[in-house]
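Peer 1: Mind folding the following:
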Amino acid sequence: MQLVENIDRIRSVHAKATAEAEKKICLWYLSEEKIALALFDEVRPAKEREGLVHSIQHKIDAEDPMKKRVMPFQQLKVTPISNLGTVKTARFFKIFGFDDDFGSHPVESWSENPNYRRCKQAVDGLNVVNDHAERSIKLIQDYNRLLTTKEAAFQNILLTVAEHKKTLPNVKKSTLAKKYSKYFNLS
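Peer 2: Numbers count the residues shown, from 1 in each chain. Presented below is the predicted three-dimensional model:
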C-alpha cells in the first residue's frame with residue numbers, strides 16, 4: 001500500500017510510467033490470493049488483519065471464479081486492505097498447504113498458534129522475483145555476447161533490427177509473402 005501511495009505522489013512527474021505501474025499493481029501485486037500476505041505483516045493494525053480474515057471468510061465473489069479481479073487504481077487507494085480479501089483469498093492457504101484455523105482466534109494470540117507460525121515462517125522466506133523478466137534479460141545478454149563483444153557492432157545490430165521491424169512488423173507467412181513475392185514464386 002506504501003507503493004500505491006508513492007506512485008500516486010509521482011504521477012505529475014511521469015504520468016505514462018505511473019499509469020503502467022498502476023495497471024501492474026492492480027492486476028498482479030494485489031491479487032486476491034496475494035492479499036493474504038497482509039495477514040502476516042505484523043506492522044499492520046490487528047483490527048485491519050481481523051477485518052481481512054472476516055472478508056476472506058464472508059465476502060462472496062460475484063464474478064467468474066477463474067477471472068482475475070481488476071480494481072481501478074483510484075478505488076484501490078481508498079479501499080482498506082481489510083476489504084480486499086474475498087473467498088478466493090483462501091486459495092493462498094490451499095496453494096501452500098497451510099491450515100488457516102488461526103484466523104478464528106484474536107490476532108493477539110496468532111503468534112502462539114503453530115499453524116500461524118508455520119505460515120509466517122514460509123511467508124518470511126518467500127523471495128520476490130520476476131522470473132520471466134529475469135530469464136528474458138539473461139537470454140538477451142547471452143545472445144548479445146554471442147553476436148559481438150564490441151559496443152559499436154552491438155549498436156549497429158540494434159539499429160538493423162529496428163529498421164527490419166519497421167519494414168516487417170511481424171514474421172507471419174502472409175507478411176513475408178507480400179514483401180518478397182516479387183523475388184520468389186510464393187503462390
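
Peer 1: What are the structural domain limits within this protein?
Peer 2: 2-124, 131-180 (automatic domain parsing).

Peer 1: Could you pull up the mean pLDDT of the shortest one?
Peer 2: Domain 131-180 comes out with an average pLDDT of 79.

Peer 1: just how off-centre is that domain within its chain?
Peer 2: The chain centroid and the centroid of domain 131-180 are separated by 26 Å, computed with CA atoms, centre = their mean, to the nearest Å.

Peer 1: and what of the longest one?
Peer 2: Here domain 2-124 shows a centroid-to-chain-centroid distance of 13 Å under the convention CA atoms, centre = their mean.

Peer 1: Quote the end-to-end distance of that domain.
Peer 2: End-to-end span of domain 2-124 (CA to CA, to the nearest Å): 19 Å.

Peer 1: Mean confidence (pLDDT) on it, please.
Peer 2: Across domain 2-124, pLDDT averages out at 80.

Peer 1: residue ranges for the helices of this structure, please.
Peer 2: For the chain, the helices defined by DSSP state H cover 2-9, 15-24, 46-58, 73-78, 91-96, 114-124, 131-147, 151-167, 173-180.

Peer 1: Identify whichever of those lies nearest to Gly85.
Peer 2: Proximity to Gly85 (CB to CB) singles out helix 46-58 among the helices of the chain, at 3.9 Å. Bear in mind the C-beta positions are built from the backbone N, C-alpha and C, glycine included.

Peer 1: Please put the alpha-carbon coordinates of the closest one into PDB.
Peer 2: Provided in PDB are the C-alpha atoms of helix 46-58 (Å, rounded to 0.1, in the frame of the first residue of the first chain):
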ATOM      1  CA  ALA A  46      -4.700  -6.000  14.500                       C
ATOM      2  CA  LYS A  47      -8.200  -4.600  13.600                       C
ATOM      3  CA  GLU A  48      -7.200  -4.400   9.900                       C
ATOM      4  CA  ARG A  49      -5.900  -8.000   9.900                       C
ATOM      5  CA  GLU A  50      -9.000  -9.200  11.700                       C
ATOM      6  CA  GLY A  51     -11.100  -7.400   9.100                       C
ATOM      7  CA  LEU A  52      -9.200  -9.100   6.300                       C
ATOM      8  CA  VAL A  53      -9.900 -12.500   7.900                       C
ATOM      9  CA  HIS A  54     -13.600 -11.600   8.100                       C
ATOM     10  CA  SER A  55     -13.700 -10.600   4.400                       C
ATOM     11  CA  ILE A  56     -11.900 -13.800   3.400                       C
ATOM     12  CA  GLN A  57     -14.500 -15.900   5.300                       C
ATOM     13  CA  HIS A  58     -17.600 -14.000   4.400                       C
END
